[in-house]
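Peer 1: Got a sequence here, can you build the structure:
(chains A and B)
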Amino acid sequence: MIRKLLVAIPLAAAMATTAHAEQTPTEVLKGLIDSVDSLYLTQSSQNLMMMDDNPALWTVDEGEELFHAPRGPNNVSMEACDFGKGPGELKGAVAEMPRYFADTNRVMDLESRIVHCMTSVQGFAADDPAVRQRHGSGSDMMKLQSYISAQSNGMAWNPPLKHPMEVAMRDAGEKLFYRRSGPLDFNCATCHGETGKRIRASVLPNVSVPQEWSKAISWPAFRVGHQNARSTQHRVRGCYWQMRHGQSIAGSDASIALISFWTDAARGQPAILPDMKR
Amino acid sequence: MFKMKTPLAAGIAAAAAIAITAGCASTDSADGKVDYTKMSSAELAEYLIFETNSFRLDQPTQEGTTVRDRQVQDELQKVCSETRNRPSPEQAGKIIADARASVQYPEGGIQLGDWKKGRELAWSGFGFRVGHNVDDHSNRDVGGNCYNCHQMATDRVGGNIGPSLTGYGKTRGNNEATRKFVYEMIYNPHTYFPCTSMPRMGANGLLEEQAIADIMAYMLHPDSPVNQ
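Peer 2: Next up is the predicted model:
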């Protein structure tokens, strides 16, 4: 663990070029805590203490190597992949996703964009285990997501919402967020619509408090309870499971619409990447 | 208006079948055939749910339907979604009337069951989950989820989405009127609180009669830890 920490700090420093991103994820979180009175942000002092030692920083490290390595049938690296700011330009890219990509004529989130590049640029088959395996710190997906996301640490969420498709997806995502259905009549707002609400002992983030919501949507995060780095799509799936609606499919347009809305709800607040959650 | 499903929803089955045979349906929706920007946000939301392979719609559910059926909203869910749980007075009146009509009372009158069983059921959030990890009702009882939202006895930590129910029987009394109210709250809380967040445990078939009686005993019986 101590060795991990020693590696993690220079890494966090090295990836910073702008004033904001100079901060470590822990410092970003502390800034949020100072800016608003929030039980949600302060509920786990233990997590806060452990954050400089966040195992997800290792996943970021492994992702960096993987990102730059020539791979797949085409034997090229992910550097040719455009995450919205030009090929290989990662700084701030995730803070501005989901976004519209002309080459696929779709609004895409980070996960679907990675899949797109692994298949179209690197030439992996869609059912190759490298592409199919989406969960767990050991998966290519979580390594790549962690590394790419970390380049947006400390930057304000700023999904473009300029292209009409981006606006349409965000607005539909808002409908999904408030859409009650299933045997328990839940929507997302049942649990995330008010401040200071708890499910049992867990304090829930409120979608209308952008500082809280910024941490809530900061994924990948190392989930202490799972002992693994988890993705945005994993969280969406988990909440639909909890709501008893049905299984949300990663990369689907409904999931991306929901993520478009939830990212807009955190607009202007700094991303904590990677984060650590209970 | 409320009885009417959207035209999109009417085409659900057909469209979902197409999406599934197409394989990589998550990208189909952007193939130029459908223009998302031409739909209202509500229409697009319905379209995304039912016609873009975004959910495993064909997965069977514990209630013997499919995820597709779960995703179709009934009248109450529609009104409460559209108004964000603030129905107009007319809408609220109709919700209350419908909720009252939905309540079915036990044949022998409302009886209290076993508070010890009720304690476990009030604690448990098991049941009705599908997807990557399906709840198997054949080897475990469906829980009431009460502690997710309520503080009850103080020996376990409850949530606060609903009000604290600590000492409920002690303060409200274990009488006919309280029993009727609690039964109706568990069966269909929209009888009293139109567009409440609390689930319709009876009306939606989540809890059996015996489970409701047990949970009621936990709430109201003088020996229950809730009333210590």
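Peer 1: which residue is nearest the centroid of chain B?
Peer 2: B:Pro199 (3.9 Å; Cα atoms, centre = their mean).
Peer 1: what distance separates the lengthiest helix in chain B from the centre of its chain?
Peer 2: Assignment by DSSP state H gives helix B:89-102 as the longest helix of chain B. Here the centre of helix B:89-102 is set off from its chain's centre by 17 Å, with Cα atoms, centre = their mean, to the nearest Å.
Peer 1: Is any residue of it near chain A?
Peer 2: No - figure legend: helix B:89-102 not in contact with chain A (Cβ under 8 Å from any Cβ of the partner chain); closest approach 11.8 Å. (Glycine included, C-beta is placed from N, CA and C.)
Peer 1: outside of the following helix or strand past that helix, which residues touch it?
Peer 2: Using DSSP states H and E, the helix or strand that follows helix B:89-102 towards the C-terminus is helix B:115-123. When contacts are defined by Cβ atoms under 8 Å, 6 or more residues apart in numbering or on different chains, helix B:115-123 is touched by residues B:141, B:143-144, B:146-147, B:152-153, B:156, B:207, B:211, B:213-219, B:221, B:223-225.
Peer 1: So what's the gap between stretch A:39-53 and the chain middle?
Peer 2: 18 Å.
Peer 1: So which residues lie in contact with it, not counting its own?
Peer 2: A:1, A:4-5, A:8-9, A:24-26, A:29-30, A:32-33, A:195-196, A:202-206, A:211-212, A:215-216, A:224, A:276-278.
Peer 1: Out of those residues, list just those in strands.
Peer 2: A:Ser202, A:Val203, A:Met276, A:Lys277 (DSSP state E).
Peer 1: Would you format those as TSV with neighbour count and pLDDT included?
Peer 2: Shown next, in TSV, are the ones in strands among the contacts of stretch A:39-53 (neighbours: other Cβ atoms under 10 Å in any protein chain shown; pLDDT from 0 to 100):
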residue	neighbour count	pLDDT
A:Ser202	16	95
A:Val203	21	97
A:Met276	26	96
A:Lys277	20	94
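Peer 1: now those residues in CSV, with distance to chain B?
Peer 2: Below are these laid out as CSV (distance: Cβ to the nearest Cβ, whole Å):
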residue, distance to chain B
A:Ser202, 8
A:Val203, 10
A:Met276, 22
A:Lys277, 18
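Peer 1: Tell me the one of these nearest A:Asp253?
Peer 2: A:Lys277 (26.1 Å; Cβ to Cβ).
Peer 1: partner residues bridging the closest one?
Peer 2: A:Arg223 (DSSP bridges).
Peer 1: residues contacting it?
Peer 2: Contacts of A:Lys277 by Cβ under 8 Å, 6+ apart are A:Asn47, A:Ala221, A:Phe222, A:Arg223, A:Val224, A:Arg230.
Peer 1: The closest residue to the second one other than its chain neighbours: neighbour count?
Peer 2: Closest residue to A:Ala221 in three dimensions, ignoring its sequence neighbours and counting by Cβ to Cβ, 6 or more residues apart in numbering or on different chains: A:Asp275, at 3.7 Å. Taking other Cβ atoms under 10 Å in any protein chain shown as the criterion, the count of residues near A:Asp275 is 28.
Peer 1: ditto for A:His135
Peer 2: Other residues lying near A:His135 total 18 when counted by other Cβ under 10 Å.
Peer 1: Then the one 4 residues further on?
Peer 2: Here the count is done by other Cβ under 10 Å, and A:Ser139 has 20 residues near it.
Peer 1: Okay, it and A:Gln133: tell me how far apart.
Peer 2: From A:Ser139 over to A:Gln133 the distance is 4 Å, taken as Cβ to Cβ, to the nearest Å.
Peer 1: swap in A:His68?
Peer 2: 20 Å.
Peer 1: do the same with A:Gly31
Peer 2: 35 Å.
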